[in-house]
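Visitor: Sequence first, then the predicted structure, then my questions.
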Amino acid sequence: MNRRLTRLGGRIGVALYRGLDGRLSSGSKDVHVLLMTTPGRRTGLPRSTCVRYLETAEGLLVWGTGSGSRRDPDWFQNLRAAGRADVQVRADRFEVEARELAGVERDEVWQHTVLAEAPEVATFARKAGRTIPVAVLVPARGSGNVQGTTDHSVWIRADAAAVWDVYTDPRRIPEWQTGSPVVGDLHGAGEAGTTYVSRRGRLAATTVVVSAERPRRLVSRTVASLGLTFTVESTLQAVGGGTRLDLTVQTEWPRGLRLLGRIVELAILGRREAAKELTRLKALVEGGGPGPRLSRR
């Protein structure tokens, strides 16, 4: 009887998720719910279930507690057998490839990510009395890209060379970018070919300077988590006794990450966030001040 009720509840949950695009799915600030569909490992028929997940730099993290069941849940066994799944995150639907974690990697992710973000999961793990399987889901290859473009500007009371020296120096990024980035692994001094890694918490992004025409134009390309890519073209020109800095930012993300890509674009490159950063850059250049200390991470 309990198993029948569980299956009935699961079917109702799937129907509600599909019908309402996940708007009523349970979750918390950091742990969310997606709808996963995999072929049954015995029948080959599509099987759908609602699964909790965490967004990480590596991909969408899922785990199979099965509410404390003594065996791995069917959905995880199906995912393991297929290696792929169709996923719905709110209104967005896309195909993913699954990689099950093992050994030290699995243990570290379980302890420092899953239990850290969702400590209540430990109760189900103790009840299950088994090693809870963990997998990372990433957009399937060949899904194509979606692009978005945003423009930002700021006028700074300084000549172009002074603006250039601060704006193009990766070591000075923590002084004006929001989110407390840590910059390291720097190779180069801002000229074409310069590379560096910026980190915000667990998230990391690698940037390469594609071209640099001092003090007029800079093009950089950043690859962040989940295949998100940002190309920034920056131009400087003398205007009204100062310099106008214009940025054109092109955002690319896998087609299946339409929602997540837009969230990242708004969080990192949205007009509100960009306005804060450019205001800080303006104050930094106009006010002068000491240079930064480069992280040695």
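Guide: Yes, it's here.

Visitor: list the buried ones in stretch 48-67?
Guide: 48-56, 58-66 (16 or more other CB atoms under 10 Å). All C-beta atoms are positioned from the backbone trio N, CA, C, and that covers glycine.

Visitor: The stretch 151-297 of the chain: helices as residue ranges?
Guide: 160-167, 173-176, 258-269, 271-287 (DSSP state H, counting those that start in this stretch).

Visitor: Pick out the shakiest of those helices, pLDDT-wise.
Guide: Note on the helices of the stretch 151-297 of the chain: helix 258-269 shows the lowest mean pLDDT, a mean of 53.

Visitor: Give me the below-cutoff pLDDT ranges for the stretch 1-150 of the chain.
Guide: 1-13, 19, 21-30, 57, 141-148 (pLDDT under 70).

Visitor: any idea where the helices of it begin and end?
Guide: So, for the stretch 1-150 of the chain - with DSSP H, counting those that start in this stretch - the helices run 2-20, 74-82, 103-109, 115-117, 121-128.

Visitor: In stretch 276-286, which residues are buried?
Guide: Result for stretch 276-286 [16+ other CB under 10 Å]: buried residues 277-278, 281-282, 284-285.

Visitor: what does stretch 198-212 give?
Guide: 198-200, 203-205, 207-209, 212.

Visitor: nearest to S153, of those?
Guide: Distances from S153 to the buried residues of stretch 198-212, taken as CB to CB, are shortest for A212 (19.8 Å).

Visitor: Let me see the domain layout of this structure.
Guide: Per the record, the chain has its domains at 2-139, 145-287, by automatic domain parsing.

Visitor: and the buried residues of stretch 198-212, which two are the farthest apart?
Guide: L203 and A212 (25.7 Å).

Visitor: Skipping adjacent residues, who's closest to T65 in space?
Guide: When the adjacent residues along the chain are set aside, T65 lies closest to F124, with 3.9 Å between them (CB to CB, 6 or more residues apart in numbering).

Visitor: To what extent is that neighbour buried, counted in neighbours?
Guide: The number of residues packed near F124 is 16, by other CB atoms under 10 Å.

Visitor: What of the one 3 residues further on?
Guide: Other residues near K127 come to 14 when the count uses other CB under 10 Å.

Visitor: doesn't G66 make contact with it?
Guide: No: at 9.6 Å, K127 does not count as touching G66 under the criterion of CB atoms under 8 Å.

Visitor: so of the buried residues of stretch 198-212, which ones are in strands?
Guide: 198-200, 203-205, 207-209, 212 (DSSP state E).

Visitor: P181: what's it in contact with?
Guide: Counting by CB atoms under 8 Å, 6 or more residues apart in numbering, P181 touches 173-174, 198-200.

Visitor: Surely G242 and A162 touch.
Guide: No: assessed by CB under 8 Å, G242 is found out of contact with A162, at 9.8 Å.

Visitor: ok, back up a step: just checking, the residue nearest to T65 touches G68?
Guide: Yes: using CB under 8 Å, F124 makes contact with G68 at a distance of 4.3 Å.

Visitor: just the helices of the stretch 1-150 of the chain: most buried one?
Guide: helix 74-82 (a mean of 19; mean count of other CB atoms under 10 Å).
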